[in-house]
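Undergrad: need coordinates for the below:
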Amino acid sequence: MSKTMTKYQLDHFKDKVNRQFEPMIRDQELLVKQFKTEATDKAVSKLSKKIGADTIINKFRAAEKMLEEARATALTFFNKKKPKDQDLNYSLRNNGGYGDKLSLSDCEEQLREWASELAEREIEKRPEGAKLRQLKELKQKALDVVMESGTPDSLAIALDHVSKKIGLTWNTDIQALPNFKQAS
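TA: The predicted model follows:
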């Protein structure tokens, strides 16, 4: 008479089989991976030469090395050339630690920022720039008058005085509409 095993007993035997075989299987898989890695490395080299990819790979490697050198040179250059009282733009500051992400556009953007500041200083010397500066100063003066005024009447008079400097009047009179004769 054969006695059938319970589910618990079957699970116990499965677990025991796994406990005995798994450590040896893991060890053997690691050994196989090691041999597979070595064989793959050798095969890559042979295949690369066989199909002619080695020349392309070598050119690519040389280009990446040149790019890495150019990035390092660019970071050094912009750090040395930046004005003492200014920081580099965000891209150059952060790529100082991540030089492999620095791009040509980052360098061009930094140059554009510096050139813009130089152009702004040059424009201030022109009549248009001087007028803009004067308008900004008058606006600030008008805002100061608003904040420092004591009464609405004195504020209106003071703002009228400031507005006259730019050819405007603060209080403009509205002309009365002419009387229209009603059609009968």
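Undergrad: by mean pLDDT, which helix or strand of this protein comes out lowest?
TA: Lowest by mean pLDDT, DSSP states H and E among the helices and strands of the chain is helix 90-95, with a mean of 72.
Undergrad: give the other helices and strands that the next helix or strand after that helix contacts.
TA: The C-terminal neighbour of helix 90-95 among helices and strands, as given by DSSP states H and E, is helix 104-125. On a contact count with 3 or more CB pairs under 8 Å, 6 or more residues apart in numbering; DSSP states H and E, helix 104-125 meets helix 53-81, helix 90-95, helix 127-148. No exception for glycine: its C-beta is placed from N, CA and C like everyone else's.
Undergrad: weakest of the ones you listed in terms of mean pLDDT?
TA: Note on the helices and strands packed on helix 104-125: helix 90-95 shows the lowest mean pLDDT, a mean of 72.
Undergrad: how does the chain divide into domains?
TA: Using automatic domain parsing, the domain ranges for the chain come out as 14-51, 68-125, 128-164.
Undergrad: quick one: distance of the shortest one to the chain centre.
TA: The chain centroid and the centroid of domain 128-164 are separated by 39 Å, computed with CA atoms, centre = their mean, to the nearest Å.
Undergrad: which parts of it are buried?
TA: 142, 145, 155, 158-159, 162-163 (16 or more other CB atoms under 10 Å).
Undergrad: tell me if I'm right that Ala130 and Ile123 touch.
TA: No - taking CB atoms under 8 Å as the definition, Ala130 is not a contact partner of Ile123, at 9.4 Å.
Undergrad: so which residues make contact with stretch 110-128?
TA: With contacts defined as CB atoms under 8 Å, 6 or more residues apart in numbering, stretch 110-128 is touched by 78, 83, 88-89, 91-92, 129-130, 132-133.
Undergrad: what number of residues are in the vicinity of Arg78?
TA: One correction, residue 78 is Phe, not Arg. 21 (other CB atoms under 10 Å).
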